[in-house]
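Chemist: Test case, fold it:
(chains A, B, C and D)
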Number of protein chains: 2
Amino acid sequence: MSAQPLYEQVKSYVTERIRAGDWRPGARVLSEHEFVRELGVSRMTANRALRELVAAGVLSRVAGSGTFVADLPAAAQPLEIRNVAADIRARGHVHTARLIRLESALPPAPVAAHFGKAMVRRSLFHSVILHSENGTPLELEDRWVNPRVAPDYATVEFSTTTPHEHLMQVAPLERVEHVVRAVVAEPDVIALLQLSPAEPDLLIERTTWSRGQPASYARLHHAGSRFELRGTYDI
Amino acid sequence: MSAQPLYEQVKSYVTERIRAGDWRPGARVLSEHEFVRELGVSRMTANRALRELVAAGVLSRVAGSGTFVADLPAAAQPLEIRNVAADIRARGHVHTARLIRLESALPPAPVAAHFGKAMVRRSLFHSVILHSENGTPLELEDRWVNPRVAPDYATVEFSTTTPHEHLMQVAPLERVEHVVRAVVAEPDVIALLQLSPAEPDLLIERTTWSRGQPASYARLHHAGSRFELRGTYDI
DNA sequence: CCATCCAACCTGTATATACAGCAGGGACCC
DNA sequence: GGGTCCCTGCTGTATATACAGGTTGGATGG
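Modeler: Residues are numbered from 1 along each chain as shown, chains lettered A, B, ... in the order given. Model prediction:
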């Protein structure tokens, strides 16, 4: 009968009336019981529609009071950080990984800080891998790994498995933190990524946690002219 | 009785078992009916829990087949792009905006491309605003605005209202696209943001749509040493 | 042995019903 | 007049029930 489910129709009804200007930010919308009367749907259906619009940031609700049009629907728009190897393959291109370094070593202080007190003065696995797309360097991955979380890290075949994939297999991911910055490229980064003079480095720092402890800290360097983060957000 | 609602307890039960490694990526989890039997909740409660975990990217469902642990929970980790003015105020600092330029002009070709064929050879509003935190330049906002969407743009008092806030008021946001890059700073950007020599420019390009048409295209320039995008993602 | 059909199981949606708890306004009492 | 209490309407949660439609594997028949 209907192409769209009822609760989606209710959601569209609400967003349309907001779009049309009938309901302005801060204004009160119909109550669930009023939706039941006005649109002839059940209260649970109206509830689901309103609940999902709250999750989407379109509405806000106050128990006992009512449902209102959210004031600033666009305060925070999401952007995605993704896996380079998967991205390259998704573009139909050839992904190659060259292992530059693989060792067990004491981390320098700034790196050790990411692993907390429990890991000071302990050796960590350290890998440096250059990811290329059709032969052109795209990402330099400089990663320190907690041996308690991934004890077999040194034996991984990194030409076929990315560190990220290995970590996902041995340790369930719990928390990820990202910091994105534009920095001046360091000499070794310039050399490996084949950067042109003065070309900036788009640096993503990624720290992951697993089973309650820091699992890995990675610095992902990218050529400014060949890499971008892209995201689309539909309301 | 229970501090948390039942459906939240079911969600925790699922994420705990994933975290513990009982259910690995790709593996099938219990069906709704099995949750009814195992946990003694109603099917609607299990359904709500599973549905919300799908929305969170933890699970994926196939009608007629089953519910599965999402394959790559880290394939796409969200990062938020936020409003600079609000961010500065949230840090308890003083936000000031200096209007550098406000005009109606024909956009250069690369800018016009963002507004599509319907807008070629039409004048757009063009504003350049420097946002500072406690007097230090943080973001240079170079924005082109569709006059059909915001006809009063030229009369806005930009020392108190940000372009973003004005656009949110006059036109409901429909779609946002972001591109983040690290670029070599151009001379006027260096001067206005007071960049040191060779300091890179973290550039965010933001295109917005409203009422089915492009509303605004902004280039947000940031000093590489003073700005970062940060995001935490908890599973 | 292979193709076809069907039954069992799954998710997706929709409804009626119930009770708890919060918010706000009006009535009531001091 | 002012403070208190209660009543009404609202959201939040939980359940039982029902039907539609996709998926899968096994039974059945050629």
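Chemist: Quick one: the strands in chain A, in order.
Modeler: Ranges of strands in chain A, per DSSP state E, are A:59-62, A:66-69, A:76-82, A:95-105, A:124-133, A:136-145, A:175-183, A:201-210, A:213-223, A:229-234.
Chemist: pLDDT of the third one, averaged?
Modeler: Put plainly, it is strand A:76-82. Taken as a whole, strand A:76-82 carries a mean pLDDT of 68.
Chemist: cool, and the fifth one?
Modeler: In this model, strand A:124-133 has an average pLDDT of 94.
Chemist: So what touches it?
Modeler: A:84-85, A:88, A:91, A:93-107, A:111, A:115, A:137-147, A:150, A:153-154, A:158, A:162-163, A:192-193 (C-beta atoms under 8 Å, 6 or more residues apart in numbering or on different chains). Glycine gets a C-beta too; all of them are placed from N, C-alpha and C.
Chemist: Can you lay out the strands of chain A as a markdown table showing mean neighbour count and distance to B:Glu52?
Modeler: As requested, the strands of chain A are arranged in a markdown table below (neighbours: other C-beta atoms under 10 Å in any protein chain shown; distance: least, C-beta to C-beta, whole Å):
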| stretch | mean neighbour count | distance to B:Glu52 |
| --- | --- | --- |
| strand A:59-62 | 16 | 16 |
| strand A:66-69 | 18 | 19 |
| strand A:76-82 | 19 | 17 |
| strand A:95-105 | 14 | 34 |
| strand A:124-133 | 20 | 35 |
| strand A:136-145 | 21 | 32 |
| strand A:175-183 | 20 | 19 |
| strand A:201-210 | 22 | 22 |
| strand A:213-223 | 22 | 26 |
| strand A:229-234 | 16 | 20 |
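Chemist: so which of those gets nearest B:Arg51?
Modeler: Closest of the strands of chain A to B:Arg51 is strand A:59-62, at 18.2 Å (criterion: C-beta to C-beta).
Chemist: Now do the most far-flung residue of chain A relative to its centre, the pLDDT please.
Modeler: Centroid-distance maximum for chain A: A:Arg37 at 41.7 Å, with C-alpha atoms, centre = their mean. As predicted, A:Arg37 sits at a pLDDT of 91.
Chemist: same thing with A:Ala215?
Modeler: 91.
Chemist: For it, which non-adjacent residue is closest in space?
Modeler: A:Val149 (4.3 Å; C-beta to C-beta, 6 or more residues apart in numbering or on different chains).
Chemist: quick one: contacts for that neighbour?
Modeler: For A:Val149, the contacting residues are A:167, A:170-171, A:210-211, A:213, A:215-216, by C-beta under 8 Å, 6+ apart.
Chemist: right, and out of those residues, which lies closest to chain B?
Modeler: Using C-beta to the nearest C-beta, A:Arg211 comes nearest to chain B of the contacts of A:Val149, at 7.5 Å.
Chemist: Tell me, how many residues neighbour the closest one?
Modeler: By other C-beta atoms under 10 Å in any protein chain shown, 14 other residues sit near A:Arg211.
Chemist: thought A:His95 was touching A:Thr136?
Modeler: No. Judged on C-beta atoms under 8 Å, A:His95 makes no contact with A:Thr136 at a distance of 11.1 Å.
Chemist: which one of the strands of chain A lies closest to B:Glu186?
Modeler: In terms of C-beta to C-beta, the element of the strands of chain A nearest to B:Glu186 is strand A:175-183, at 13.9 Å.
Chemist: got the residues of chain A near DNA strand C?
Modeler: The interface of chain A toward DNA strand C, taken as C-beta under 7 Å from any atom of the strand, is made up of A:2, A:5-8, A:40-45, A:62-65.
Chemist: for these, which one is nearest chain B?
Modeler: The nearest member of the residues of chain A next to DNA strand C to chain B, counting by C-beta to the nearest C-beta, is A:Met44 at 8.5 Å.
Chemist: isn't A:Ala171 right next to A:Pro151, touching?
Modeler: No. With contacts defined as C-beta under 8 Å, A:Ala171 does not count as touching A:Pro151, sitting 10.3 Å away.
Chemist: Those two: who's more crowded?
Modeler: Shown here are A:Ala171 and A:Pro151; by other C-beta under 10 Å, A:Ala171 has more neighbours (22 against 12).
Chemist: ok, and the closest non-adjacent residue to the more buried one?
Modeler: In space, A:Ala171 is closest to A:Ser210, 3.9 Å off (C-beta to C-beta, 6+ apart).
Chemist: OK, contacts around the one you found?
Modeler: By C-beta under 8 Å, 6+ apart, the contact set of A:Ser210 is A:149, A:167, A:171-174.
Chemist: ok, 7 Å please
Modeler: A:Ser210 sits next to A:149, A:171-174 when contact means C-beta atoms under 7 Å, 6 or more residues apart in numbering or on different chains.
Chemist: where are the low-confidence patches of chain A?
Modeler: A:1-3, A:72-78, A:80, A:90, A:234-235 (pLDDT under 70).
Chemist: Any idea which residue of it lies closest to DNA strand C?
Modeler: In chain A, the residue that lies nearest DNA strand C is A:Gly64 (2.0 Å; C-beta to the nearest atom of the strand).
Chemist: what's the distance between that residue and DNA strand D?
Modeler: 3 Å (C-beta to the nearest atom of the strand, to the nearest Å).
Chemist: what are the phi and psi angles of that residue?
Modeler: According to degrees, to the nearest 10, the main-chain angles of A:Gly64 amount to phi 90, psi -10.
Chemist: Isn't A:Leu220 up against A:Asp201?
Modeler: No. A:Leu220 is beyond contact range of A:Asp201, at 10.0 Å (criterion: C-beta atoms under 7 Å).
Chemist: residues in contact with the nearest residue to A:Glu174 once chain neighbours are set aside?
Modeler: In space, and not counting its chain neighbours, A:Glu174 is closest to A:Trp209: 4.8 Å by C-beta to C-beta, 6+ apart. Listed by C-beta under 7 Å, 6+ apart, the contact partners of A:Trp209 are A:174-175, A:215.
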